[in-house]
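Novice: this one's structure only:
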């Protein structure tokens with residue numbers, strides 16, 4: 001029961017959301033508008049109402065002012081959300097907003113400032129050989145990546161790579177002209193996604209409007225690999241496999257995958273690439289998914305780190321996928337982000353929602369951990385046959401050090417808690433004998 005398409009009886013969607021919050025104060029109850037009076041209501045919220053008050057759904061539909069709810073299949077939800085007219089949507093305030101003044105609350109929630117202090121502060125981190133790779137829609141020359149007059153970017157422009165699927169039957173009339181070199185042509189279905197997520201990893205702009213902008217791993221060397229125009233990559237699985245091999249071959253210690261395979265078969269090439277990355281000790285961080293219940297691939301596959309999403313009040317985000325495959329959660333709603341509106345027009349804006357952001361935050365945490373613990377990791381897992389221990393140790397420690405928020409938590413659905421980067425960096429490494437290799441994907 002992933003969700004319902006609802007229509008109100010004439011009252012504003014904001015009123016419906018306020019009623020939901022009144023009756024479910026412990027949950028993130030946000031609606032996802034698809035029209036002036038229509039929205040996606042996640043199925044677990046209606047289930048929670050029935051459990052809490054022992055009333056049939058018909059009663060709650062009347063109380064909330066909902067008419068004609070339509071149960072949606074998982075495959076119908078992404079199409080519904082992606083084809084909505086953004087100009088016709090009401091602006092709904094988050095039902096549980098961030099604290100006043102907490103512009104970049106997500107950094108505080110995961111204790112990034114305390115973690116930065118261990119490495120000299122956000123402006124002074126010596127990254128050494130640490131390299132982050134990102135499989136996504138590519139990058140743009142946003143100031144968040146250091147593309148400013150007289151500046152030097154930490155994006156690995158020389159090795160950034162493009163490998164996107166070709167048009168069916170060899171035609172290309174509907175595809176953007178590819179600039180190559182990992183650049184996002186900003187013409188695809190999820191144009192700019194790579195920049196928004198990439199800057200959440202490595203961004204650093206002291207001149208950002210309103211307040212300096214920092215990714216979780218500021219200015220970490222960053223290798224963009226463009227494989228898609230959409231966050232759904234059922235069509236780009238072989239490009240994913242080649243891109244992951246490329247990242248591993250060029251020395252990436254962590255790879256960000258804010259992408260998903262939706263209700264489809266995972267091809268053997270992708271699974272083999274994940275196995276090779278894990279065996280090489282590379283941490284592959286994957287988004288649990290958005291708006292559908294089951295955790296999507298590759299996050300649901302073994303040998304990846306699967307991340308779900310929470311809000312500024314440490315509640316599971318209503319849009320997050322969830323399930324036993326999730327390792328832990330991280331911020332995924334109402335984030336300030338770097339936003340490209342074209343290949344030459346850039347800004348910073350709010351509204352960053354999705355487990356894509358939770359994944360990027362975790363990737364930044366992995367980069368900080370690899371850097372802070374470099375000597376310890378080399379000593380603890382010195383043998384070539386022990387390389388997998390690096391990826392497994394990160395997963396184990398991130399789960400063990402995750403913070404369990406006050407109140408109810410759902411460890412079977414949203415992992416062991418909320419990522420705590422400072423605690424992760426402080427935790428001693430587990431010995432080889434304490435680690436068990438994950439089964440091959």
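Specialist: Ah, there it is. From a predicted model like this one, the values you see are computed outputs, not experimental measurements.

Novice: roughly how far apart are the closest residue in space to residue 355 that isn't next to it in sequence and residue 306?
Specialist: When the adjacent residues along the chain are set aside, residue 355 lies closest to residue 287, with 4.1 Å between them (C-beta to C-beta, 6 or more residues apart in numbering). Bear in mind the C-beta positions are built from the backbone N, C-alpha and C, glycine included. Residue 287 is 8 Å from residue 306, where distance means C-beta to C-beta, to the nearest Å.

Novice: And residue 256, by the same measure?
Specialist: According to C-beta to C-beta, residue 256 stands 13 Å off from residue 306.

Novice: any residues in contact with both of residue 287 and residue 306?
Specialist: Here residue 287 and residue 306 share the contacting residues residue 299, scored by C-beta atoms under 8 Å, 6 or more residues apart in numbering.

Novice: before we move on, the earlier item: residue 256 and residue 306: who's more crowded?
Specialist: Between residue 256 and residue 306, counting by other C-beta atoms under 10 Å, residue 256 is the more crowded of the two (35 against 30).

Novice: That one belongs to a strand?
Specialist: Yes - when DSSP: H, G, I helix; E, B strand; the rest coil is applied, residue 256 is found to be in a strand.

Novice: Does it touch residue 132 like I think?
Specialist: Yes - at 6.7 Å, residue 256 and residue 132 qualify as touching, with contact defined as C-beta atoms under 8 Å.

Novice: Name the residues contacting each of the two.
Specialist: By C-beta under 8 Å, 6+ apart, the residues touching both residue 256 and residue 132 are 201, 363.

Novice: just the helices in the stretch 1-150 of the chain please.
Specialist: 13-23, 43-53, 57-64, 76-82, 105-109, 112-117 (DSSP state H, counting those that start in this stretch).

Novice: Buried deepest among the ones you listed, which one?
Specialist: Among these, helix 105-109 has the highest mean neighbour count (mean count of other C-beta atoms under 10 Å), at a mean of 22.

Novice: which residues sit against it?
Specialist: Here helix 105-109 makes contact (C-beta under 8 Å, 6+ apart) with 98-99, 102, 113, 214, 216, 310, 312, 314, 330-331, 335, 357, 361, 418.

Novice: again, but for stretch 31-44
Specialist: 1-8, 10, 12-13, 16-17, 20, 66, 69, 71-72, 77, 80-81, 84-85, 88-90, 92, 291, 293, 318-319.

Novice: Show me how far it is from its chain's centre.
Specialist: The chain centroid and the centroid of stretch 31-44 are separated by 21 Å, computed with C-alpha atoms, centre = their mean, to the nearest Å.

Novice: And for stretch 115-129?
Specialist: With C-alpha atoms, centre = their mean as the basis, stretch 115-129 stands 23 Å off its chain's centre.

Novice: Quick check: mean pLDDT of that stretch?
Specialist: In this model, stretch 115-129 has a mean pLDDT of 98.

Novice: Same question for stretch 72-91.
Specialist: The pLDDT scores in stretch 72-91 average 83.

Novice: Surely residue 369 and residue 423 touch.
Specialist: No - applying C-beta under 8 Å, one finds residue 369 not in contact with residue 423, separated by 10.9 Å.

Novice: Identify the contacts common to those two.
Specialist: With C-beta under 8 Å, 6+ apart, residue 369 and residue 423 have no common neighbours.

Novice: By residue count, what's the longest helix in this structure?
Specialist: In the chain, assigned by DSSP state H, the helix with the most residues is helix 355-372.

Novice: which element follows that helix toward the C-terminus?
Specialist: helix 374-380 (DSSP states H and E).

Novice: what's the average pLDDT for the helix or strand following that following helix?
Specialist: Next in sequence after helix 374-380, counting helices and strands by DSSP H and E, comes helix 388-401. Average pLDDT, helix 388-401: 98.

Novice: Tell me the buried residues in helix 388-401?
Specialist: Within helix 388-401, the residues that count as buried by 16 or more other C-beta atoms under 10 Å are 388-399, 401.

Novice: For these, give me TSV that also has distance to residue 379.
Specialist: Below are these laid out as TSV (distance: C-beta to C-beta, whole Å):
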residue	distance to residue 379
388	16
389	12
390	12
391	17
392	17
393	12
394	16
395	20
396	18
397	16
398	20
399	23
401	21
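
Novice: Report the distance from the helix or strand harbouring residue 349 to the chain centre.
Specialist: Assessed by DSSP H and E, residue 349 sits inside strand 346-352. Relative to its chain's centre, strand 346-352 lies at 16 Å (C-alpha atoms, centre = their mean).

Novice: For it, name the packing helices and strands.
Specialist: Where contact means 3 or more C-beta pairs under 8 Å, 6 or more residues apart in numbering; DSSP states H and E, strand 346-352 is packed against strand 335-340.

Novice: for the strand it packs on, the distance to its chain's centre please.
Specialist: In terms of C-alpha atoms, centre = their mean, the centre of strand 335-340 is found 13 Å from the chain centre.

Novice: Give the pairing partners of that strand; include direction for each.
Specialist: The strands beside strand 335-340 in its sheet (DSSP bridges) come out as strand 346-352 (antiparallel).

Novice: What residues of the strand it pairs with count as buried?
Specialist: Residues of strand 346-352 classed as buried by neighbour count (16+ other C-beta under 10 Å): 346, 348, 352.

Novice: Tabulate those in CSV, adding columns for distance to residue 436 and pLDDT.
Specialist: Below are the buried residues of strand 346-352 laid out as CSV (distance: C-beta to C-beta, whole Å; pLDDT from 0 to 100):
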residue, distance to residue 436, pLDDT
346, 45, 94
348, 43, 94
352, 35, 91
